[in-house]
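[1] all I have is the shape, not the residue letters:
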């Protein structure tokens with residue numbers, strides 16, 4: 001029996017879903033309307049991230065369509081896990097991500113397709129954002145912090161509406177809340193990142209998943225991203241540098257205390273400076289050891305530290 005040939009897909013839409021029961025049918029129809037004049041093949045991958053409402057039932061009802069695939073998670077693992085699962089299934093040379101809350105307008109998809117021809121990543125910028133101040137003000141501060149620490153000028157890094165060339169998603173790894181920093185990670189890898197102003201709609205159905213806890217986690221992950229960008233390939237530069245500084249200061253203080261003891265005959269046994277000196281020396285050795293271990297782990301895990309764009 002001949003093996004069934006896999007159809008060629010040009011575009012994969014990856015959409016995480018968490019308790020968006022009332023939005024899904026409208027979203028699906030609007031996507032098909034936006035791509036009505038597109039002559040290539042596309043697929044829609046919905047990832048149900050442990051929804052507790054009827055979202056999965058709605059998706060199962062849509063599953064009869066040939067262009068839909070559904071990933072059902074055992075429980076709620078978060079947006080990064082959902083996107084990772086969708087990226088692994090995506091067959092298209094172009095991958096578009098968007099939220100399922102109908103605040104992202106599928107009518108913008110053709111504009112993303114036009115813009116992605118000139119770069120590797122297109123990030124949506126909700127220029128006239130239809131969200132309350134409790135979301136917009138922290139978001140502006142958050143994006144300012146990203147630009148300050150990572151040197152990438154993106155106004156809305158956390159916007160879920162993005163377009164990627166396939167080679168981008170094949171060369172980045174996300175976990176935790178790192179989905180916010182996909183443009184940063186792509187930029188770090190040498191991919192060209194652009195942003196595009198898009199329409200944004202107020203939420204009609206469902207509840208926002210935003211909370212102060214996510215903001216706190218996002219800032220912790222920003223520290224992670226900064227570390228990965230600056231020292232991800234050689235942790236020893238950071239930890240070893242700190243360790244050497246501590247060790248040098250501890251050594252200088254040790255020489256000073258020894259001089260007092262030998263030449264002056266001063267008692268140093270009960271001086272707090274002696275304890276501080278010993279602490280610096282111990283911390284210096286520990287930081288150097290951590291740096292060496294980090295480099296060893298990085299060496300074992302990374303097979304290649306480069307991406308070949310093309311061979312001429």
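    Thanks, I have it. Just so it is clear, the model here is predicted, and its values are computed rather than measured.

[2] what sits up against the strand or helix carrying residue 28?
    Using DSSP states H and E, residue 28 maps to helix 24-34. Under the contact criterion CB atoms under 8 Å, 6 or more residues apart in numbering, helix 24-34 has outside partners 13, 15, 17, 20, 44, 46, 55, 58-59, 62, 65, 68, 100, 102, 105-110. Just so you know, the C-beta spots here come from the backbone N, C-alpha and C atoms, and that holds for glycine as well.

[3] how is the chain divided into domains?
    Taking automatic domain parsing as the domain assignment, the ranges for the chain are 11-231, 236-301.

[4] ok, and which of those has the densest surroundings?
    Of all the domains of the chain, domain 11-231 carries the top mean neighbour count, a mean of 18, counting by mean count of other CB atoms under 10 Å.

[5] how long is that one from one end to the other?
    By CA to CA, to the nearest Å, the extent of domain 11-231 from end to end equals 35 Å.

[6] ok, now stretch 80-96?
    This stretch, stretch 80-96, spans 15 Å end to end (CA to CA).

[7] what's the answer for stretch 253-264, then?
    In terms of CA to CA, the two terminal residues of stretch 253-264 are separated by 16 Å.

[8] contacts for that stretch next, please.
    For stretch 253-264, contacts defined as CB under 8 Å, 6+ apart pick out 266, 268, 271, 273, 274, 276, 277, 280, 281.

[9] 7 Å instead, please
    266, 268, 273, 274, 277, 280 (CB atoms under 7 Å, 6 or more residues apart in numbering).

[10] picking up where we left off before, include mean pLDDT when you put the domains of the chain into JSON lines, please.
    Converted to JSON lines, those look like this (pLDDT from 0 to 100):
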{"stretch": "domain 11-231", "mean pLDDT": "86"}
{"stretch": "domain 236-301", "mean pLDDT": "83"}
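
[11] if I look at residue 162, how far off is residue 115?
    To residue 115, residue 162 is 11 Å away according to CB to CB, to the nearest Å.

[12] give me the common contacts of those two.
    Common neighbours of residue 162 and residue 115 (CB under 7 Å, 6+ apart) are residue 122.

[13] next, residue 243: phi, psi?
    Per-residue torsions, residue 243: phi -60, psi -40 (degrees, to the nearest 10).

[14] my read: it touches residue 282, true?
    No. Look at residue 243 against residue 282 with CB atoms under 7 Å: they stay out of range, at 10.4 Å.

[15] if I look at residue 59, how far off is residue 21?
    Taking CB to CB, one finds residue 59 at 9 Å from residue 21.

[16] actually residue 241, not the one I typed
    Residue 241 is 52 Å from residue 21, by CB to CB.

[17] coming back round to it: and the contacts of the following helix or strand past the helix holding residue 28?
    For helix 24-34, the succeeding helix or strand toward the C-terminus, using DSSP H and E, is strand 42-48. By CB under 7 Å, 6+ apart, the residues outside strand 42-48 that reach it are 9-17, 31, 35, 55-56, 59, 67-73, 82, 85-86, 89-92.

[18] and strand 42-48 with helix 24-34, angle?
    Relative orientation of strand 42-48 and helix 24-34, computed by axes from the mean of the first three to the mean of the last three CA atoms, to 10 degrees: 160 degrees.

[19] wait, is residue 175 part of a strand?
    No. Counting by DSSP: H, G, I helix; E, B strand; the rest coil, residue 175 is not part of a strand but coil.

[20] ok, it - contacts?
    Counted by CB under 7 Å, 6+ apart, residue 175 has contacts residue 80.

[21] now the two most distant members of the contacts of stretch 253-264.
    Spatially, the most separated pair among those is 266 and 280, at 20.1 Å (CB to CB).

[22] wait, doesn't residue 165 sit right on residue 120?
    Yes. Contact status for residue 165 versus residue 120: in contact at 4.9 Å, counting by CB under 7 Å.

[23] could you list everything residue 198 pairs with in the sheet?
    Going by DSSP bridges, residue 198 is paired in beta bridges with residue 126.
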